[in-house]
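Enquirer: 3D model of this:
(4 chains)
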There are 2 protein chains.
Amino acid sequence: MSRPYVCGLDAAVDMIGGKWKVLLLWAMHDQPRRFGELRRLLPGISEKVLTQHLREMAADQIVRREAFDETVPRVEYSLSEFGLSLHEALRPLGAWGTQHMDRIAEVRAPA
Amino acid sequence: MSRPYVCGLDAAVDMIGGKWKVLLLWAMHDQPRRFGELRRLLPGISEKVLTQHLREMAADQIVRREAFDETVPRVEYSLSEFGLSLHEALRPLGAWGTQHMDRIAEVRAPA
DNA sequence: CGGCATCCGATATGATACTG
DNA sequence: CAGTATCATATCGGATGCCG
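Expert: Got it, this is the predicted structure:
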């Protein structure tokens, strides 16, 4: 954005600006997820972008990253309290999207 | 996006993806606004982007465009019922942003 | 006043190959 | 498995000038 926030709304939107962030939020909202797991849950996302988004969201304190030093590398990502509260704030928007999905698909006609 | 919606949330986010769309939503939520008025309300936006966003939002049936054929050109933009319902769905997110503005500014440090 | 056309740079996203 | 590095592309946003 690179501009002072005019209201809380664009500050909030700034946190979910990435192409896949709300989906990541959704994927992690009820359980921790591993890197490869998230990749499978978001078909089409590249490893690079997944890494970038997770790093940004961690920097934003929305997600927690926990690395386990075992024989097989394992990293788990989960929502922080802050991230959970963001997810809660997004629920009405999600409900709105679900409710009007048909209409949205009509005007947008995504693949 | 060019990808089928996985849940209502990313469908909704798809509608507010533009850099200034939530601000436009906010600017119009309580009264119709003229083109030049919106430009003044969103310092920094270019005419081109303003035009593009308004056209997209009109195509998305979020805003209504009304052109008056008078001696002086006049066009008014206002939220449709659909746009108003979207604005309502965004309120918790706006409240979240307002509530955590300090923290967001901390991790993001915008201009 | 309310646009549209064009060009340009910045940023976001993606494909592929390689590594600890 | 969980990344990193590099290269390429796409989309977004901005500046400028012109028009009814």
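Enquirer: could you pull up the residues touching residue A:103?
Expert: Taking Cβ atoms under 8 Å, 6 or more residues apart in numbering or on different chains, we find residue A:103 in contact with B:61, B:82. C-beta coordinates here come from the backbone N, C-alpha and C atoms, glycine included.
Enquirer: so what pLDDT did it get?
Expert: Residue-level confidence at residue A:103 comes out at 92, pLDDT.
Enquirer: now do the strands in chain A.
Expert: A:33-34, A:63-68, A:74-79 (DSSP state E).
Enquirer: which strands and helices lie in contact with the last one?
Expert: Right, the one you point to is strand A:74-79. With contacts taken as 3 or more Cβ pairs under 8 Å, 6 or more residues apart in numbering or on different chains; DSSP states H and E, strand A:74-79 sits against helix A:21-28, strand A:33-34, helix A:35-41, strand A:63-68.
Enquirer: mind redoing it with 10 Å?
Expert: On a contact count with 3 or more Cβ pairs under 10 Å, 6 or more residues apart in numbering or on different chains; DSSP states H and E, strand A:74-79 meets helix A:21-28, strand A:33-34, helix A:35-41, helix A:47-59, strand A:63-68, helix A:81-99.
Enquirer: let me know the pLDDT of the residue of chain A found nearest DNA strand C.
Expert: Using Cβ to the nearest atom of the strand, residue A:19 is the residue of chain A that sits closest to DNA strand C, at 3.1 Å. For residue A:19, the model assigns a pLDDT of 91.
Enquirer: which residues touch it?
Expert: With contacts defined as Cβ atoms under 10 Å, 6 or more residues apart in numbering or on different chains, residue A:19 is in contact with A:42, A:44, A:45, A:49, A:53, B:1, B:3, B:10, B:13, B:14, B:17.
Enquirer: next, give phi and psi for it.
Expert: phi -60, psi -30 (degrees, to the nearest 10).
Enquirer: mark which of the contacts of residue A:19 are buried, thanks.
Expert: With burial judged by 16 or more other Cβ atoms under 10 Å in any protein chain shown, the buried subset of the contacts of residue A:19 is A:42, A:45, A:53, B:3, B:10, B:13, B:14.
Enquirer: and those residues near DNA strand C, which?
Expert: Counting by Cβ under 7 Å from any atom of the strand, residue A:45 from the buried ones among the contacts of residue A:19 sit close to DNA strand C.
Enquirer: so for the buried ones among the contacts of residue A:19, which is the shakiest by pLDDT?
Expert: Among those, residue B:3 has the lowest pLDDT, at 74.
Enquirer: picking that back up, okay, the residue of chain A closest to DNA strand C and DNA strand D: tell me how far apart.
Expert: Distance, residue A:19 to DNA strand D, using Cβ to the nearest atom of the strand, to the nearest Å: 10 Å.
Enquirer: how much space separates that residue from residue B:14?
Expert: 10 Å (Cβ to Cβ, to the nearest Å).
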